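S.K.: sequence and predicted structure are below.
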Amino acid sequence: MGLELNAKETALVLIDLQNGIVGRQLAPYSGKDIVSKGSHLANAIRAAGGTVVYVHVLVNEVLPLQADRAMPRPSEPYPPEASELVESAGYQDDKDVLITKRQWDAFYATGLDQALRRRGVKTIVLGGIATNFGVESTARSAQAHGYEIVFVEDAMTTMSAEMHKFAVEVLFPIIGRVRTSNEVMQALGAEGASAASEPAAVVHGEQGAYN
């Protein structure tokens, strides 16, 4: 099925492309692959007149709740740079929206919904890390807020290929539309849509331990 996007009513929302996360062991795509795809998509959305949103989590402020398989946490706090976006993610502070969160969901207790509605956004193109944590939690809230959602399958990744596969093949098609980065670029009328498949940019950052 084809994809049509009205760029002026579309926002790219990229989840947690930050130093403490992109360096983790991830699958089916590496963190640097996702950063590269996200950067290309951001350029295309901006050029088409859409909105670009970068989300980052303050890793030291995530509430540690009891769980059977709780996320591992270090004995000492993460350094401040762990919560900062990697430079190669392409955030432009004079053009893009930056959302700070303290949990997986980018809508909860943030200004994301207000920022999108003020810009007339009706469709969210979603990517980032991790597929079945930050991305999925944000998608569920986006649906509850009434946004159309396009999941960019090759612009998100998680802790295992199996987790990613279940989300993009079973869950996400119920919530929205699942497409490739190239299909999204083509829907935006971006020149050289295949650029989204170029080799990944180099990402500098420590190994993360969140999501």
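M.R.: Structure received. Residues are numbered from 1 along each chain as shown.
S.K.: residues of the longest strand seen in the chain that come out buried?
M.R.: When the chain is parsed with DSSP state E, its longest strand is strand 148-157. Of the residues in strand 148-157, those buried by neighbour count under the rule 16 or more other CB atoms under 10 Å are Glu148, Ile149, Val150, Phe151, Val152, Glu153, Asp154, Ala155, Met156, Thr157. (C-beta placed from N, C-alpha, C; glycine too.)
S.K.: Serialize the residues you listed to CSV and add fields for distance to Gly20 and pLDDT.
M.R.: Shown next, in CSV, are those (distance: CB to CB, whole Å; pLDDT from 0 to 100):
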residue, distance to Gly20, pLDDT
Glu148, 31, 98
Ile149, 26, 98
Val150, 27, 98
Phe151, 24, 98
Val152, 22, 98
Glu153, 24, 98
Asp154, 23, 98
Ala155, 19, 98
Met156, 17, 98
Thr157, 15, 98
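S.K.: so can I have JSON lines of those residues showing distance to Pro77?
M.R.: Shown next, in JSON lines, are the buried residues of strand 148-157 (distance: CB to CB, whole Å):
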{"residue": "Glu148", "distance to Pro77": "39"}
{"residue": "Ile149", "distance to Pro77": "34"}
{"residue": "Val150", "distance to Pro77": "36"}
{"residue": "Phe151", "distance to Pro77": "33"}
{"residue": "Val152", "distance to Pro77": "32"}
{"residue": "Glu153", "distance to Pro77": "34"}
{"residue": "Asp154", "distance to Pro77": "33"}
{"residue": "Ala155", "distance to Pro77": "30"}
{"residue": "Met156", "distance to Pro77": "27"}
{"residue": "Thr157", "distance to Pro77": "26"}
